[in-house]
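In: here are the coordinates; sequence isn't available:
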């Protein structure tokens, strides 16, 4: 897996182009060997029992099919190489940006703020966000009031209920909504900075988020 920073995007792109060329070169096997084998068969056949013309026609048909399959394989490899190159360029553009991903933990950093959103499945009369420290103690409760179905943004200023600044670190975020049947805990998303991007050998892209670890690019819900 290759890690991408803002300055290494061109190097990674060159790396994938070289790999693509090597894969293309290694796939050019089989056509010449097939022809040599058929010629050797013709030279060494029994003159008293020569091979039937139909057999040669069948072999030529196989040879033609082999050429077509090799051409198709080469085209597919070219498309895959171009796709990976595009992914490398797109991944490099993510470094330094802020993304929103599903998470129940928020990282309070030097900015002194944690932002995110709540997935509200249905209209609720009361939506609340509880912020807890690593020991599970309630630090702050955010009353967001009523909310309609969809995404509801929230922001914590990094202060406790008394207005004191909380230390940097990881905090647990729980969102609860009131419905007729009772209180329901909802899914949350949290914003985080992209420190670097990793490209897997299979073409997958993984984002390395500040304080939150790695997440798949497919998990990103919003890019800021």
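Out: Sure thing, it's come through. Every value quoted in this text rests on a predicted model; they were computed, and no experiment measured them.

In: what does stretch 169-179 rub up against?
Out: The contact list for stretch 169-179, computed with C-beta atoms under 8 Å, 6 or more residues apart in numbering, reads 103-108, 114, 116, 118, 120, 122, 124-134, 136, 139, 147, 154, 156, 183-188, 190, 211. All C-beta atoms are positioned from the backbone trio N, CA, C, and that covers glycine.

In: Output the below-cut-off pLDDT ranges for the chain.
Out: Low-confidence segments of the chain, defined by pLDDT under 70: 1-35, 37-39, 41-64, 66-68, 70-88, 90, 201-203.

In: Are any of the contacts of stretch 169-179 buried, and if so which?
Out: Buried members of those, scored by 16 or more other C-beta atoms under 10 Å, are 103, 105-108, 114, 116, 118, 120, 124, 127-133, 139, 147, 154, 156, 186, 188, 190.

In: Walk me through the domains of the protein.
Out: Domain ranges of the chain: 2-94, 106-184, per automatic domain parsing.

In: ok, residue 150 - contacts?
Out: Applying C-beta under 8 Å, 6+ apart to residue 150 gives the contacts residue 120.

In: Quick check: beta-bridge partners of it?
Out: On the basis of DSSP bridges, residue 150 is bridged to residue 120.

In: Sort out which of the contacts of stretch 169-179 are in strands and list them.
Out: Judged by DSSP state E, the subset of the contacts of stretch 169-179 located in strands is 105-108, 114, 116, 118, 120, 124-132, 139, 147, 154, 156, 183-186, 188, 190.

In: Tell me the strands beside the helix or strand hosting residue 170, with direction?
Out: Counting by DSSP states H and E, the element that carries residue 170 is strand 169-179. Its sheet considered, strand 169-179 pairs with strand 105-108 (antiparallel), strand 124-132 (antiparallel), strand 182-186 (antiparallel) by DSSP bridges.

In: Tabulate those strands in a markdown table, adding columns for distance to residue 222.
Out: Below are the strands paired with strand 169-179 laid out as a markdown table (distance: least, C-beta to C-beta, whole Å):
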| stretch | distance to residue 222 |
| --- | --- |
| strand 105-108 | 15 |
| strand 124-132 | 18 |
| strand 182-186 | 17 |
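
In: Out of those strands, the one nearest residue 162 is which?
Out: Smallest distance to residue 162 across these (C-beta to C-beta): 13.5 Å, for strand 124-132.
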